[in-house]
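Student: here is a sequence with its predicted model. Questions after.
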Amino acid sequence: MLKKTLPLYFALMLTTQTALAASFDCSQARNWTEKAICSDKQLSDLDELLLASYKKAVAHSGDAVKYQQREWLKYTRNSCQDIDCLKAAYTQRLNELNRITASTTTTAPVSQGISGVYQRFIKNKPDPDTAEITLRELKGGKVYVQGSAIWQGGQAVHTGELDHTVLLNGNRLYYQEGDRDACALTIHLMPQGLKVTDDNMRCGGLNVSFDGNYRKIK
């Protein structure tokens, strides 16, 4: 394992610790998270293991893993404020990536926990701008997402569709079709249904959005 050199200002902060190898160049460590990884042997080892597992998962499942990884870095790893949190985050993510790599493609649902049809509601009533999402849970932590939404303004009617398989990340589905300019949104799995956020308004015609609260109807 090659050792890398930390900047002098950070090296002076360390007492008995030595800069360790990581998936990035420790001499370029820019924030507390990266510095912590470089200064802790177990974290550094986990970081390198994660890189290897990530590459395998990308080869197995493509762009969905890349999007999921960016979200994990931003909202999970970089939110940690202590070493224990970082180690737990890395361990959980390693398990997720390894599960993706070990999975086999299938169309058979593995459980009925989240599978079903969900309808958008507003103030306890079905949304007049109808939106429905169907989830079908697959093996390997994958979920097939199919949906339709309508926006009506005057005599104009615009529609939108979802039709893609994504990876389950805890209680979230980060839906993205193709590149970053394509349809994207986040589906949060809730005790009584779904909550959709971050619709980038590219999933259909003018003003069509899937954002909102959904109830499971069947």
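Tutor: Looks like it arrived, so ask away. Numbers count the residues shown, from 1 in each chain.

Student: looks like residue 118 contacts residue 218 (just checking).
Tutor: No - with contact defined as CB atoms under 8 Å, residue 118 does not count as touching residue 218 (9.2 Å). Using the backbone N, CA and C atoms, a C-beta is placed for each residue, glycine as well.

Student: for those two, indicate the residue with more neighbours.
Tutor: residue 118 (23 against 7; other CB atoms under 10 Å).

Student: how about the contacts made by the more buried one?
Tutor: 132-135, 193-194, 214-217 (CB atoms under 8 Å, 6 or more residues apart in numbering).

Student: and those residues, which is closest to residue 81?
Tutor: Nearest to residue 81 out of the contacts of residue 118 is residue 194 (CB to CB; 30.1 Å).

Student: which ones are touching the closest one?
Tutor: 118, 133, 135, 187-188, 213-214, 216.

Student: do the same with residue 87
Tutor: Contacts for residue 87 (CB under 8 Å, 6+ apart) come out as 42-43, 46.

Student: again, only this time at 10 Å
Tutor: 36, 40, 42-43, 46, 80 (CB atoms under 10 Å, 6 or more residues apart in numbering).

Student: just residue 197 next, same as before
Tutor: 172, 185-188, 210-212.

Student: burial count for residue 57?
Tutor: 24.

Student: wait, it touches residue 97, no?
Tutor: Yes - contact between residue 57 and residue 97 holds when scored by CB atoms under 10 Å: they sit 4.5 Å apart.

Student: need the residues touching each of those two.
Tutor: Shared contacts of residue 57 and residue 97 (CB under 10 Å, 6+ apart): 65, 68-69, 167.

Student: can you tell me the element residue 85 falls in?
Tutor: Element membership for residue 85, per DSSP states H and E: helix 83-102.

Student: what do you get for residue 121?
Tutor: In this assignment (DSSP H and E), residue 121 forms part of strand 116-122.

Student: what's the following helix or strand after that strand?
Tutor: strand 125-126.
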